[in-house]
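**Q** Okay, sequence plus prediction incoming.
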Amino acid sequence: MKTFTNILPLRNELKDARFSAAREGKSLRIALVPTMGYLHEGHASLLRKARAENDLVVLSIFVNPIQFGPNEDFERYPRDPEKDLALAEREGVDFVFMPSVEEMYPQPTRTHIKVEGLTDVLCGASRPGHFDGVTTVVGKLLHIVQPDRAYFGQKDAQQVAVIAQMVLDLNFDVEMIPCPIVREADGLALSSRNVYLSAEERQAALVLSRNLLAAQAKANTTESRVTAGELLTELRDAIGAEPLAVIDYVEIADFPGLSPLAADERLDAAGRRSDVLIAVAVKFGSTRLIDNVILTKKVND
Ligand code: AMP
């Protein structure tokens with residue numbers, strides 16, 4: 001495994017690897033897994049899939065300042081490069097790219113990628129500018145690495161929708177691979193931010209996965225004939241009943257279009273007209289957690 005902190009040596013190594021493969025008449029499938037580090041099993045699942053499906057796996061670790069708002073946790077975002085490198089090594093990563101802020105932004109960037117519409121709702125509504133920071137840095141990483149495939153977790157479902165739109169609109173030559181959410185045994189979605197939670201907050205946070213998974217199970221039965229409005233009320237009430245939970249949003253939208261569904265729209269397996277995202281953002285103390293489930297149009301139940 002090789003570690004790079006600068007763009008040029010990484011690009012040169014990637015060029016050499018492509019050139020050597022081509023000289024032998026082989027193609028070289030390159031995967032990129034972009035992360036902000038403090039790696040956990042969720043990240044590991046992306047790396048494993050990338051390893052299984054490609055010849056060369058690039059992991060990027062970069063806490064991207066321009067996707068954090070002025071009052072957000074950029075400074076205190078957890079970091080542990082040594083542990084990250086050990087996990088990367090264990091998962092068979094070939095190249096780790098861990099640039100400094102100065103390397104990625106030698107001067108304040110005047111160019112931003114903005115995906116309209118999809119970024120004004122859900123997390124975009126409470127975190128103005130967040131997705132512009134995400135698409136700008138992912139765009140830069142895709143240009144630097146030029147991977148054949150890039151791996152993203154459905155944990156950040158809106159991010160998946162936004163980046164897929166960017167890839168389509170700007171003709172990035174990359175295949176986006178969305179990967180399922182990895183959860184703790186008790187249901188809590190893995191997140192680097194879970195370390196901020198006190199024991200009581202961590203216990204209270206189970207209200208999210210418990211109710212999202214129950215909503216998904218209910219909607220996935222044909223006989224429930226449940227509507228978006230009913231499910232939304234049930235979810236808001238259940239999460240709101242947890243004293244430590246402060247709701248940012250609980251929403252039901254079509255996926256990946258992210259438009260809200262009408263209250264009378266049926267969500268049951270036989271009635272729904274598209275894939276549907278049920279997404280929540282809830283604060284426990286100072287920690288904002290997100291979680292979601294996706295109801296797919298085609299269900300075998
Ligand atoms: P982050 O380091 O939080 O920016 O996440 C890097 C990538 O890992 C993103 O594509 C996330 O969606 C993905 N990821 C984070 N947590 C999970 C999880 N629990 N399950 C699956 N993917 C995840």
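**A** Yes, it's here.
**Q** Which of the three states applies to the closest residue to the ligand within the stretch 201-301 of the chain?
**A** Per CB to the nearest ligand atom, Asp291 is where the stretch 201-301 of the chain lies closest to the ligand, at 9.0 Å. (Each C-beta comes from the backbone N, C-alpha and C, glycine too.) Asp291 carries the three-state label strand when classified by DSSP: H, G, I helix; E, B strand; the rest coil.
**Q** That one touches Leu212, doesn't it?
**A** Yes. With contact defined as CB atoms under 8 Å, Asp291 counts as touching Leu212 (5.8 Å).
**Q** which residues touch the nearest residue to Arg193 once chain neighbours are set aside?
**A** Residue nearest to Arg193 in three dimensions, not counting chain neighbours: Thr287, with 5.7 Å by CB to CB, 6 or more residues apart in numbering. Thr287 sits next to Arg193, Asn194, Tyr196, Leu197, Glu201 when contact means CB atoms under 8 Å, 6 or more residues apart in numbering.
**Q** let's see it at 7 Å
**A** The neighbourhood of Thr287, defined by CB atoms under 7 Å, 6 or more residues apart in numbering, consists of Arg193, Tyr196, Leu197, Glu201.
**Q** Tell me the one of these nearest Glu102?
**A** For the contacts of Thr287, the residue nearest Glu102 by CB to CB is Arg193; the value is 25.1 Å.
**Q** circling back: what's the overlap in contacts for Asp291 and Leu212?
**A** Common neighbours of Asp291 and Leu212 (CB under 7 Å, 6+ apart) are Val280.
**Q** ok, back up a step: hang on, the residue of the stretch 201-301 of the chain closest to the ligand packs against Leu213?
**A** No. Applying CB atoms under 7 Å as the test, Asp291 and Leu213 come out as separate, 9.6 Å apart.
**Q** mind putting the contacts of Thr287 in CSV, distance to the ligand, neighbour count and secondary structure included?
**A** Shown next, in CSV, are those (distance: CB to the nearest ligand atom, whole Å; neighbours: other CB atoms under 10 Å; DSSP: H, G, I helix; E, B strand; the rest coil):
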residue, distance to the ligand, neighbour count, secondary structure
Arg193, 8, 15, helix
Tyr196, 13, 19, helix
Leu197, 14, 20, coil
Glu201, 18, 18, helix
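**Q** Check the gap between the nearest residue to Thr135 once chain neighbours are set aside and the ligand for me.
**A** Once flanking residues are discounted, Thr135 sits nearest to Ile113: 4.1 Å by CB to CB, 6+ apart. Between Ile113 and the ligand the computed distance is 17 Å (CB to the nearest ligand atom, to the nearest Å).
**Q** So what's the residue count around Met98?
**A** For Met98, the count of nearby residues is 19 (other CB atoms under 10 Å).
**Q** next one: Ile294
**A** Ile294: 18 surrounding residues under other CB under 10 Å.
**Q** Read off the pLDDT value for the closest residue to the ligand within the stretch 101-250 of the chain.
**A** Closest approach between the stretch 101-250 of the chain and the ligand, counting by CB to the nearest ligand atom: Gly153, at 2.2 Å. The model reports Gly153 with a pLDDT of 98.
**Q** what's the answer for Pro106, then?
**A** Looking at Pro106, the pLDDT reads 98.
**Q** same check, this time on Val299
**A** Here the pLDDT value assigned to Val299 is 57.
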